[in-house]
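> Give the three-dimensional model of this entry:
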Amino acid sequence: MPLAVKPYVSEATRFLQDLKAQQPDLEARQKQGRALLWDRPQDPDLRAAFNAGQVRQKPYVYGVD
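Sure thing, here's the model as predicted:
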C-alpha cells in the first residue's frame, strides 16, 4: 500500500497564498499600479526620433581611438 505524500509547498508560496486569501483585491491593485507607470501608449514618431539620435558604439569600446 503506497503512502500518501503531501506535495511540498515552500514558505514563500504559503506566504503569497495567505496574502492573497487575506486581500482578494491584491492582484487588481497591482495591475492598477502597474498601469500608472508602465502600461502607457507609445508614440511611434518620438521613438523613431530617439532611434535616429543614437550614436553607434565602436566594436571595441576599450580602445584609445
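> Helices along this structure, start to end?
11-22, 26-37, 44-52 (DSSP state H).
> Check residue 50 and give its pLDDT.
Residue 50 is assigned 92 on the pLDDT scale.
> For the protein, which residues score under the pLDDT cut-off?
1-2, 65 (pLDDT under 70).
> if we go to 80?
For the chain, the stretches flagged by pLDDT under 80 are 1-3, 61, 63-65.
> Residue 64: which of the helices of the chain is closest?
helix 44-52 (28.6 Å; Cβ to Cβ). Where C-beta positions appear, they are placed from N, C-alpha and C, glycine not excepted.
> on contacts alone, who are the packing partners of the closest one?
Judged by 3 or more Cβ pairs under 8 Å, 6 or more residues apart in numbering; DSSP states H and E, helix 44-52 has no packing partners among the helices and strands.
> Residues in contact with it: which ones?
Helix 44-52 is contacted by no other residue when judged by Cβ atoms under 8 Å, 6 or more residues apart in numbering.
> try it again with 10 Å
Helix 44-52 is contacted by residues residue 43 when judged by Cβ atoms under 10 Å, 6 or more residues apart in numbering.
> Ok, stretch 10-27 next?
Residues contacting stretch 10-27 (Cβ under 10 Å, 6+ apart): 9, 29, 32.
> closest to residue 39 among those residues?
Nearest member of the contacts of stretch 10-27 to residue 39, counting by Cβ to Cβ, is residue 32, at 10.0 Å.
> how far away is that closest one from residue 26?
11 Å (Cβ to Cβ, to the nearest Å).
> Between those two, which is the more surrounded one?
Set side by side, residue 32 and residue 26 show unequal neighbour counts under other Cβ atoms under 10 Å, the larger going to residue 26 at 13 against 10.
> Pull up the gap between residue 5 and residue 57, please.
55 Å.
> Correction: the previous question concerned residue 24.
Taken as Cβ to Cβ, the span from residue 24 to residue 57 is 49 Å.
> Could you do residue 48 as well?
Distance from residue 48 to residue 57, by Cβ to Cβ: 20 Å.
> ok, now residue 12?
Counting by Cβ to Cβ, the gap from residue 12 to residue 57 is 40 Å.
> repeat for residue 23
46 Å.
> between the two, which one's more packed in?
Just comparing residue 23 and residue 57: by other Cβ under 10 Å the higher neighbour count belongs to residue 23, 11 against 7.
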